[in-house]
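Novice: 3D, please:
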Amino acid sequence: MTISLRPHHLLCMLTYIGRGYSPAFVASYDSVIARLSAGEAVLIVDGPDAICAPLLENGEPHCFRQSVIDRDRRAAKDLSPLLGVEITAGTTIALDHQTLGEMRAAFAAGTIRSACAGCQWADLCDAVSGNGFTGSGLLHLK
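Specialist: Predicted coordinates for the structure are as follows:
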């Protein structure tokens with residue numbers, strides 16, 4: 001099985017510590033993190049994904065805004081060379097311990113964070129990465 005993720009959520013998952021927009025959002029995100037930790041692969045999608053799902057029932061979720069689409073574009077551009085594969089809809093990525101470590105190192109160094117510009121969660125992500133990703137839900141990949 002695979003988990004659908006939009007490109008910028010490949011960054012968000014690195015610093016997820018159980019905070020979010022609502023209790024339903026956090027519960028759903030916890031489930032995604034558990035599935036990733038269990039070894040499920042990621043299927044890159046355009047637009048809303050497994051993380052966005054709880055927000056889609058709201059009147060006008062931000063998931064469809066141009067700013068979020070631009071964030072996905074920047075994340076895909078930053079991550080493609082790091083992961084050695086073009087990050088585009090339909091790409092499948094198997095996350096393992098080594099890949100996660102490389103992504104975390106690049107995130108902490110700021111080399112894959114152009115998508116984070118203007119994000120309301122950026123300060124939290126700075127703190128999590130600055131603390132060695134302590135408390136991040138995605139710690140142990142098989």
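Novice: Any chance you could list what contacts stretch 125-133?
Specialist: Defining contact as CB atoms under 8 Å, 6 or more residues apart in numbering, one finds that stretch 125-133 is touched by 11-12, 14-15, 17, 104, 107-108, 116, 119, 134-136, 139. Where you see a C-beta, it was placed from the backbone N, CA and C, and this is true even at glycine.
Novice: which strands and helices sit next to the host helix or strand of residue 102?
Specialist: Using DSSP states H and E, residue 102 maps to helix 97-109. The contact analysis (3 or more CB pairs under 8 Å, 6 or more residues apart in numbering; DSSP states H and E) places helix 97-109 against helix 9-15, helix 66-83, helix 122-130.
Novice: returning to that earlier point: from the contacts of stretch 125-133, which shows the smallest pLDDT?
Specialist: Going through the contacts of stretch 125-133 one by one, the lowest pLDDT turns up at residue 139, 62.
Novice: about what we covered before: tell me the angle of the helix holding residue 102 relative to helix 122-130?
Specialist: Orientation note: helix 97-109 sits at an angle of 120 degrees relative to helix 122-130 (axes from the mean of the first three to the mean of the last three CA atoms, to 10 degrees).
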